[in-house]
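Engineer: fold the following and give me the result.
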Amino acid sequence: MTSIFQALSELEKNNQPAALCTVTKSEGSTPRHVGSKMLVYPDGKFIGTVGGGDLEHRVLDEAWMALSDGQPRYLHYNMADPSRGDPGVCGGQVEVFVEPILPAPTLVVIGAGHVGKAVVHLAKWLGFRVAVSDDRAEFCNPEATPGADEYYPVEMGRLAESLKITKRTYLVVTSRGSNVDALGLPSLLESSAAYIGVIGSKRRWATTVKALKGKGVKEELIAKVHSPMGLELQAETPEEIAVSIMAEILMMRDKGTGKKMSG
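Structural biologist: Numbers count the residues shown, from 1 in each chain. I've put the predicted structure just below:
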């Protein structure tokens, strides 16, 4: 049987989420002692126990909510009188700390040109799990674009078939032209990605928008896109542009303002 500590190691290795529930306080008669742990997975499975019965069911519900909102929580339960809503009749009190263990956010660079390569390098340094996608296989490999965790040499329109896109996925489109974007973006716009940015000028994006509307893509989906993406830094080199792009992503992720710190 896999131990909780082995399972935690596997989570980190595979970049998967779970919630760790730990009994932090136990007074009087309670089902489990301080330090008892339960690891809860998003699919409903769990390892370990914090006491069984109604208590455990309530902690499981809180664990799944923690995985959804990303917030830890302290839970306190009296275990004396079920008629008052207590989860047991042992007579004691128990506290449980529920900690969501979330994988590193994934940043997907779509288009492995000069800017794309610079974004890969910077995003990895900033702690993102990084994937690269390009329909040109000669650009989408560790030799041509080093530093990424995963490589998807597929057309942009088919990327969602190969890569699971979640609310912790950031899509950075650094492709080679508006025609590529117009073909590939519709399926990505249907995803739950936290961020979708497209490189290029306002004119290029206007051309892409016209093409997307011609394909019947709804305006509310098109409005999800940040383009031209990045913060205005007067960036010119690929490295400077990468800083601009990642600055916007960090601002969006952490609810920053982008204003000067000095007022």
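
Engineer: separation between the most centrally placed residue in the chain and residue 48?
Structural biologist: Central residue of the chain (CA atoms, centre = their mean): residue 168, 1.6 Å from the mean position. Computed as CB to CB, to the nearest Å, the residue 168 to residue 48 distance reads 25 Å. For the C-beta atoms, the positions are set from N, CA and C on the backbone; glycine is no exception.

Engineer: so residue 99 is in which element?
Structural biologist: Residue 99 is part of strand 93-101, with elements assigned from DSSP states H and E.

Engineer: oh sorry, the question was meant for residue 230
Structural biologist: Assigned by DSSP H and E, residue 230 belongs to no helix or strand.

Engineer: excluding covalently adjacent residues, which one is nearest to it?
Structural biologist: residue 244 (3.5 Å; CB to CB, 6 or more residues apart in numbering).

Engineer: before we move on, what about residue 128?
Structural biologist: residue 107 (4.2 Å).

Engineer: and that neighbour, that's in a helix?
Structural biologist: No - under DSSP: H, G, I helix; E, B strand; the rest coil, residue 107 falls outside any helix and is assigned strand.

Engineer: gap between it and residue 213?
Structural biologist: 28 Å.

Engineer: quick one: the strands in the stretch 51-200 of the chain?
Structural biologist: With DSSP state E, counting those that start in this stretch applied, the stretch 51-200 of the chain shows strands at 73-78, 93-101, 106-110, 129-133, 150-152, 169-173, 195-198, listed in chain order.

Engineer: check contacts around residue 35.
Structural biologist: 22, 23 (CB atoms under 8 Å, 6 or more residues apart in numbering).

Engineer: in which helix or strand does it reside?
Structural biologist: Per DSSP H and E, there is no helix or strand for residue 35.

Engineer: quick one, phi/psi of it?
Structural biologist: phi 100, psi -10 (degrees, to the nearest 10).

Engineer: just residue 215 next, same as before
Structural biologist: Torsion angles, degrees, to the nearest 10, at residue 215: phi -90, psi 0.
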